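Trainee: Any chance you can model this:
(one chain, ligands or ions: 1)
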Amino acid sequence: MELGPICNVLLGIFGVLVVLRWVVKNANWWLYETQLGEKQYSLPPGDMGWPFIGNMWSFLSAFKSKDPDSFVSSLVSRFGRTGIYKVFMFGNPSVIVTSPEACRRVLTDDDCFKPGWPKSTVALIGKKSFIGISFEEHKRLRRLTAAPVNGYEALSMYTKYIEEIVTSSLDKWTTMGEIEFLTELRKLTFRIIMYIFLSSESEPVMTALEREYTTLNYGVRAMAINIPGFAYHKALKARKNLVATFQSIVEDRRNQKKVSVPTKKKDMMDALIDVEDENGRKLTDEDIIDILVMYLNAGHESSGHTAMWATIFLNQHPEYLLKAKKEQEEIVRKRPPEQKGLTLKEIREMEYLSKVIDETLRVITFSLTVFREAKKDVNLAGYTIPKGWRVLVWFRSVHLDPEIYENPKEFKPSRWDNFTPKAGTFLPFGAGTRLCPGNDLAKLEISIFLHHFLLNYQLERLNPGSPAMYLPHTRPVDNCLARIKKCPSSSV
Ligand code: HEM
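Mentor: Coordinates of the predicted model:
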């Protein structure tokens, strides 16, 4: 048999494959960069990945592996430590920023950047939530909703309630045998945020809502594939259920108001129903529901995860746990005998505990990234971000940068002794006009939880070596399966 023709055919196929690969690899470059004219030459270095999926495959495979940071470190090793990289993610030509200076600039420059969350995320959180509304509308609703969740007066008001719910939950957990510690903490923080927004709801409604939020969050970081079986499809269904529940709560509250039965305490729902703009225009049901979907989500997942990790880290480091416990015992010892429970003043004096929480926020970086969009062509660090491109502010890289935090993956609360982070190097709650409005509330909840936990309880993990997973948020695969036990020295 003659080999010549076969070789030619094989060579031909090989040639076609090489050309095809080149075309496919350069499709995004051709689609998004060549259109930019001269500007394409000043884009940040990077790689736009494959057509349609861009860099999502590398992102998802890194974040589903044991080394999520391999995603950004591969950009650094290929393109250098520029702190800004061109990518194609979540369906858009984008730039990832990883240096403190660039992150801070993007977060604080409202003339150049606006929220730029992927359409799929806006569809889940709501187009009338803070990530979908105009600058002016955001300013107004932010003013209205931020005061009741932050500030001395509001926080003092919630301290007693949070303490009650923390102590009763901890007590209950000791009787439950094996629990998923994270799941229980999420329920706890969800009850707190429900109380602030809606005063109260029945236990079954709360458990059902919290479950829907878990499904919703899986969809937020997944690929937007709306086909049964995929995380995004399930998340859309979860949103539908949440909207239906909130709709009936809003209707009930409006009806109550019509027959003018004043509720005992004015909660956030009352404030949202009553508020008018300068033209006397009130919020629609859709406005209120999207604000609820957003706040109740942002307001419990993050604090629940952070409280869990702080407890795990302390458990892994008995010397830090002892130090934190001593501080709490000292607070109780100094307390006048007639005082019942914690005061905000005492919480503000928990110096070591505050370092434990900051260190947890840094090591875990609950919000791995946030999204912005360039409102015009922007020059950043000598590179051009073209108008309309998305910017991913990659908090995780800043918090785990060995040039900022020595041995960054080590949990070491004492690194915060006499250390004030430079601007842009510690951003657990973001910065600028979108700085998390719940930052003080979150620290309050976590401090109250740790206070009672350290004084009276112990965590016994069933799988202490359970590996971590990173999407949608960093957590142990087993949701921290554990038993909660009373300390032998407990006074409760
Ligand atoms: C450890 C706990 C928390 C962490 C790590 C956290 C983190 C963040 C971050 C990084 C942002 C900035 C988003 C951006 O720049 O686009 C943010 C925004 C937000 N957070 Fe939090 N958060 C926490 C707790 C809370 C709590 C308890 C609430 C509820 C009261 C809350 C409500 C919100 C809201 C509504 C926004 C949007 C703000 C806006 O767009 O103006 N967060 N959070």
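
Trainee: Need the three-state assignment for Tyr85.
Mentor: Look at Tyr85: counting by DSSP: H, G, I helix; E, B strand; the rest coil, its state is strand.

Trainee: Now it: closest residue in space that isn't a chain neighbour?
Mentor: Of all residues not flanking Tyr85 in the chain, Gly46 sits nearest, at 4.0 Å (CB to CB, 6 or more residues apart in numbering). From N, CA and C alone the C-beta is placed, and that goes for glycine too.

Trainee: Might you report the residue contacts of Lys160?
Mentor: By CB atoms under 8 Å, 6 or more residues apart in numbering, Lys160 lies in contact with Gly341.

Trainee: The helix or strand it falls within: how far from the chain's middle?
Mentor: Using DSSP states H and E, Lys160 sits in helix 152-173. The chain centre lies 23 Å from the centre of helix 152-173; the measure is CA atoms, centre = their mean, to the nearest Å.

Trainee: Same question for stretch 455-462.
Mentor: Worked out by CA atoms, centre = their mean, stretch 455-462 lies 26 Å from the chain centre.

Trainee: so after the helix holding Lys160, what's the next helix or strand?
Mentor: Downstream of helix 152-173, the first helix or strand assigned by DSSP H and E is strand 179-180.

Trainee: and the stretch 51-200 of the chain, which residues reach the ligand?
Mentor: Residues of the stretch 51-200 of the chain lying near the ligand by CB under 6 Å from any ligand atom: Phe130, Arg142, Val149.

Trainee: Out of the residues you listed, which is nearest to Ala244?
Mentor: Checking those against Ala244 by CB to CB gives Phe130 as the nearest, at 21.8 Å.

Trainee: What residues does the closest one make contact with?
Mentor: By CB under 8 Å, 6+ apart, the contact set of Phe130 is Pro115, His138, Leu141, Arg142, Ile291, Met294, Arg434.

Trainee: Most neighbours among those, please name it.
Mentor: For the contacts of Phe130, counting by other CB atoms under 10 Å, the largest number of neighbours falls to Ile291: 24 neighbours.

Trainee: if I've got this straight, that one is in a strand?
Mentor: No - looking at Ile291 with three-state DSSP, it is helix, so not inside a strand.

Trainee: Now tell me which of the residues of the stretch 51-200 of the chain next to the ligand the prediction trusts least.
Mentor: In terms of pLDDT, the lowest of these is Val149, showing 83.

Trainee: Nearest to the ligand: which residue in this protein?
Mentor: Gly438 (2.2 Å; CB to the nearest ligand atom).

Trainee: what's around that residue, how many residues?
Mentor: By other CB under 10 Å, 22 other residues sit near Gly438.

Trainee: what's the pLDDT at it?
Mentor: For Gly438, the model assigns a pLDDT of 94.

Trainee: which ones are touching the residue nearest to Tyr85?
Mentor: Contact analysis of Gly46 by CB under 8 Å, 6+ apart lists Leu75, Phe79, Tyr85, Lys86, Val87, Val95, Ile96.

Trainee: Now do it, the pLDDT please.
Mentor: In this prediction Gly46 is given a pLDDT of 96.

Trainee: With Arg143 instead?
Mentor: Reported pLDDT for Arg143: 88.

Trainee: Quickly find the element holding it.
Mentor: Using DSSP H and E, Arg143 sits in helix 135-146.

Trainee: Asn418 now?
Mentor: Using DSSP H and E, Asn418 falls within no helix or strand.

Trainee: Could you list the low-pLDDT ranges of the stretch 301-450 of the chain?
Mentor: Within the stretch 301-450 of the chain, no stretch has pLDDT under 70.

Trainee: Which residues of it lie near the ligand?
Mentor: Neighbours of the ligand within the stretch 301-450 of the chain, by CB under 6 Å from any ligand atom: 302-303, 306, 366-367, 370, 428-430, 434, 436-438, 441-442.

Trainee: buried ones in the helix holding Arg143?
Mentor: Across helix 135-146, burial judged by 16 or more other CB atoms under 10 Å covers His138, Leu141, Arg142, Leu144, Thr145.

Trainee: Test my guess that the third one contacts Pro437.
Mentor: Yes - with contacts counted by CB atoms under 8 Å, Arg142 reaches Pro437, the gap being 6.7 Å.

Trainee: Tell me which residue is most central in the chain.
Mentor: By CA atoms, centre = their mean, the chain has its centre lying nearest to Ser367, at 3.5 Å.

Trainee: Using the three-state scheme, assign the residue nearest to Tyr158 when sequence neighbours are not counted.
Mentor: Distances taken as CB to CB, 6+ apart place Ile196 nearest to Tyr158, at 6.7 Å, with adjacent residues excluded. Secondary structure, three-state DSSP: Ile196 is helix.
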